[in-house]
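K.L.:
Fold the following.
(2 chains)
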There are 2 protein chains.
Amino acid sequence: MPPDHTLTMPSYPAYSTKSGQELVRFGDMLQVTKVGETNKPRASNISKRRKAAQDDGGAEYMAKRAELIRVAAGLFKKNGFDATTFNDIAIHTGLDRATLYYYFGSKQEIFQDAVRGALNGNLKGMQAIMSDDSRGPLEKLRALVEMFMKSYRDNYPYLFVYLQQDLNTIVDQKSEWGKEVSGEIHNIEEAFKSLIRQGIASGALRGDIPVSLATNSIFGMLNWTHRWYDPDSRNSPEQVADAFCKIFIDGMAAH
Amino acid sequence: MPPDHTLTMPSYPAYSTKSGQELVRFGDMLQVTKVGETNKPRASNISKRRKAAQDDGGAEYMAKRAELIRVAAGLFKKNGFDATTFNDIAIHTGLDRATLYYYFGSKQEIFQDAVRGALNGNLKGMQAIMSDDSRGPLEKLRALVEMFMKSYRDNYPYLFVYLQQDLNTIVDQKSEWGKEVSGEIHNIEEAFKSLIRQGIASGALRGDIPVSLATNSIFGMLNWTHRWYDPDSRNSPEQVADAFCKIFIDGMAAH
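P.N.:
I've put the predicted structure just below:
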């Protein structure tokens, strides 16, 4: 089985990096703490209560968390991650800072939780497509592009928040989550590269364009959507994906 | 003469929006002031001296400004515009805050000056290509893509700083500069759309892909380069442009 059929799926234990984020609220104000970065734990009453509530996973608490994530993601999308403070999120969710802190240790934790589910879904979708042996490389390419566009719509604005942010500037690359995200991006790149290589090897795709540049071309089409695509716009994800695939696959076709 | 041949060139008076930025240093700290936004002028000694020095335009003063812009742009590229403070720039340029303030009223002013020259150059280059009647629409498309890629390299990292930032989040759309930049983006989009429409009308390009989606495809390829292209990388701007044009123009070719 070629490597692209065996994409590793990182596990995502729910809220795994909460511990040790007690100091993040100060880092949040100073804008020095990166997503996933671990600070020295400092026990505080409210963070103990948060940990207990998250471990308990009560339906009401988790529903409130999901609602807060939605509001925060809207602010990240509109104003940018850096320009959005923990305090802004508290104001827009109608909570005081301490109450918001009962749900999340930092805005970094909110960001992480906002994108985690969507990224996890993408990985599962990609794995399913890549391991489907009834499809050839070009059909898999087409299916991947469509899956990503649908995911951008279904998870709006979470994946656009993720795409608009250069993760290098906010994710601690050495943290558990930093490694997970880097691994995921790497897996996606490798899947596309592998399919393009298979297409070239089969004679269906042209060989005069470096595979890395071809991959960056289709990534550019897909990822730049965060600047212009709106789920309410006249074009469905399927129509956008169809346009991208026509241009990319016909443009890459061997003559 | 079709509209795309008569692109308007906004004038860029040197440092036109300095006046009234005396309060921006506080806005800078609070991150509430957008680029180009005008505050109520407050006369201060240092801002008067800055204005006098800029009006005077002495070679040494202007050279120091250019050097400071270079350092600041590197920080914007690396850490993001929002996460970079006026103070960070002072520290990295080895100046104290007051001395940096003698050169620039705010980080917004530095950002604006960093991208202004490059944007101005792009507009001139685009105008020259669009008005060259010896070229057909596909040749003009190819020339535009190559011009932009070369400009990204030649003006590195200024245009990548500009591309990585969703300008809506930091530029006051009603300011003089906000209008200039919006106008410029609009002109570039219209140039591409017009060439694609001409290609379809001539029968060279396919008509089954909406022009707006085709335009967003090539913009995505070009603009996503800010995440991966490095002037020192193995691919020259010409090679990247060639790959993009092969994919885009062959992908858009009528069958």
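
K.L.:
Any idea how many residues pack against residue A:222?
P.N.:
Using other CB atoms under 10 Å in any protein chain shown, residue A:222 has 25 other residues around it. (Each C-beta comes from the backbone N, C-alpha and C, glycine too.)

K.L.:
what pLDDT does it get?
P.N.:
What the model reports as pLDDT for residue A:222 is 97.

K.L.:
what's the answer for residue A:100, then?
P.N.:
Reported pLDDT for residue A:100: 95.

K.L.:
Can you tell me the SS state at it?
P.N.:
helix (DSSP: H, G, I helix; E, B strand; the rest coil).

K.L.:
and the stretch 151-255 of chain A, which residues reach chain B?
P.N.:
A:164, A:166, A:169-170, A:206, A:208-210, A:213-214, A:216-217, A:219-225, A:227-228, A:235, A:239-240, A:243-244, A:246-253, A:255 (CB under 8 Å from any CB of the partner chain).

K.L.:
Which of the residues you listed are buried? Put it as a ChimeraX command.
P.N.:
The buried subset of those, as determined by 16 or more other CB atoms under 10 Å in any protein chain shown, is captured in ChimeraX by this line:
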select /A:164,166,169,170,206,209,213,214,216,217,219,220,221,222,223,224,225,227,235,240,243,244,246,247,248,249,250,251,252
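
K.L.:
Tell me which of the residues of the stretch 151-255 of chain A next to chain B fall in helices.
P.N.:
Mapping those onto helices (DSSP state H) picks out A:164, A:213-214, A:216-217, A:219-223, A:225, A:227-228, A:239-240, A:243-244, A:246-252.

K.L.:
Pretty sure residue A:251 sits against residue B:248.
P.N.:
Yes - counting by CB atoms under 8 Å, residue A:251 does reach residue B:248; the two are 6.2 Å apart.

K.L.:
Enumerate every residue touching the closest residue to residue A:97 other than its chain neighbours.
P.N.:
Distances taken as CB to CB, 6 or more residues apart in numbering or on different chains place residue A:90 nearest to residue A:97, at 4.8 Å, with adjacent residues excluded. Residue A:90 makes contact with A:96, A:97, A:99, A:100, according to CB atoms under 8 Å, 6 or more residues apart in numbering or on different chains.

K.L.:
can you tell me how far residue A:90 sits from residue A:110?
P.N.:
11 Å (CB to CB, to the nearest Å).

K.L.:
And residue A:248, by the same measure?
P.N.:
34 Å.

K.L.:
Kindly give the local confidence score, pLDDT, for residue A:3.
P.N.:
In this model, residue A:3 carries a pLDDT of 39.

K.L.:
hmm, back to that, can you lay out the contacts of residue A:90 as a markdown table showing neighbour count?
P.N.:
Listed next are these as a markdown table, based on neighbours: other CB atoms under 10 Å in any protein chain shown:
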| residue | neighbour count |
| --- | --- |
| A:96 | 12 |
| A:97 | 13 |
| A:99 | 14 |
| A:100 | 22 |
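
K.L.:
Look up the closest residue to the residue of the stretch 51-200 of chain A at minimum distance from chain B, ignoring the ones flanking it.
P.N.:
Nearest to chain B, among the residues of the stretch 51-200 of chain A, is residue A:82, at 3.3 Å (CB to the nearest CB). Leaving aside its sequence neighbours, residue A:82 sits nearest to residue B:82 (CB to CB, 6+ apart; 3.3 Å).

K.L.:
Backbone dihedrals for that neighbour, please?
P.N.:
phi -60, psi -40 (degrees, to the nearest 10).

K.L.:
Same check on residue A:159?
P.N.:
phi -80, psi -20.

K.L.:
Next one: it from residue B:104, what distance?
P.N.:
The value you get for residue A:159 to residue B:104, if CB to CB is used, is 36 Å.

K.L.:
Mind naming the longest helix for chain A?
P.N.:
helix A:176-201.

K.L.:
Does anything pack onto it? Which helices or strands?
P.N.:
helix A:107-130, helix A:137-154, helix A:211-223 (3 or more CB pairs under 8 Å, 6 or more residues apart in numbering or on different chains; DSSP states H and E).

K.L.:
Residue of the stretch 151-255 of chain A closest to chain B, please.
P.N.:
For the stretch 151-255 of chain A, CB to the nearest CB, closest residue to chain B: residue A:251, 2.8 Å.

K.L.:
dump the residue contacts of the closest residue to that residue other than its chain neighbours.
P.N.:
Nearest residue to residue A:251 in three dimensions, chain neighbours excluded: residue B:251, at 2.8 Å (CB to CB, 6+ apart). Residue B:251 sits next to A:246, A:247, A:248, A:249, A:250, A:251, A:252 when contact means CB under 8 Å, 6+ apart.

K.L.:
contacting residues around the third one?
P.N.:
With contact set as CB under 8 Å, 6+ apart, residue A:248 has these partners: A:141, A:145, A:217, A:218, A:221, B:247, B:251.

K.L.:
how about a cut-off of 10 Å?
P.N.:
Contacts for residue A:248 (CB atoms under 10 Å, 6 or more residues apart in numbering or on different chains) come out as A:141-142, A:145, A:196, A:214, A:217-218, A:221-222, B:217, B:221, B:247-248, B:251.

K.L.:
Would you map out the domains in chain A?
P.N.:
For chain A, the structural domains run A:24-109, A:114-252, going by automatic domain parsing.

K.L.:
Among these, show me which one is buried the most.
P.N.:
domain A:114-252 (a mean of 19; mean count of other CB atoms under 10 Å in any protein chain shown).

K.L.:
confidence score at the residue nearest to residue A:97?
P.N.:
95.

K.L.:
Could you check which helix or strand contains it?
P.N.:
helix A:86-93 (DSSP states H and E).

K.L.:
Please dump the domains of chain A into JSON lines; it should also carry distance to residue B:187 for every row.
P.N.:
JSON lines is the format used below for the domains of chain A (distance: least, CB to CB, whole Å):
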{"stretch": "domain A:24-109", "distance to residue B:187": "25"}
{"stretch": "domain A:114-252", "distance to residue B:187": "17"}
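
K.L.:
For residue A:60, see how far away the residue nearest to residue A:64 when sequence neighbours are not counted is.
P.N.:
Excluding the flanking residues, the one nearest residue A:64 by CB to CB, 6+ apart is residue A:103, at 6.4 Å. Distance check for residue A:103 against residue A:60: by CB to CB, it reads 11 Å.

K.L.:
so what sits against both of these two?
P.N.:
What both residue A:103 and residue A:60 touch, as defined by CB under 10 Å, 6+ apart, is the set residue A:53.

K.L.:
picking that back up, got the angle between the longest helix of chain A and helix A:107-130?
P.N.:
30 degrees (axes from the mean of the first three to the mean of the last three CA atoms, to 10 degrees).

K.L.:
Perfect, I'm done here.
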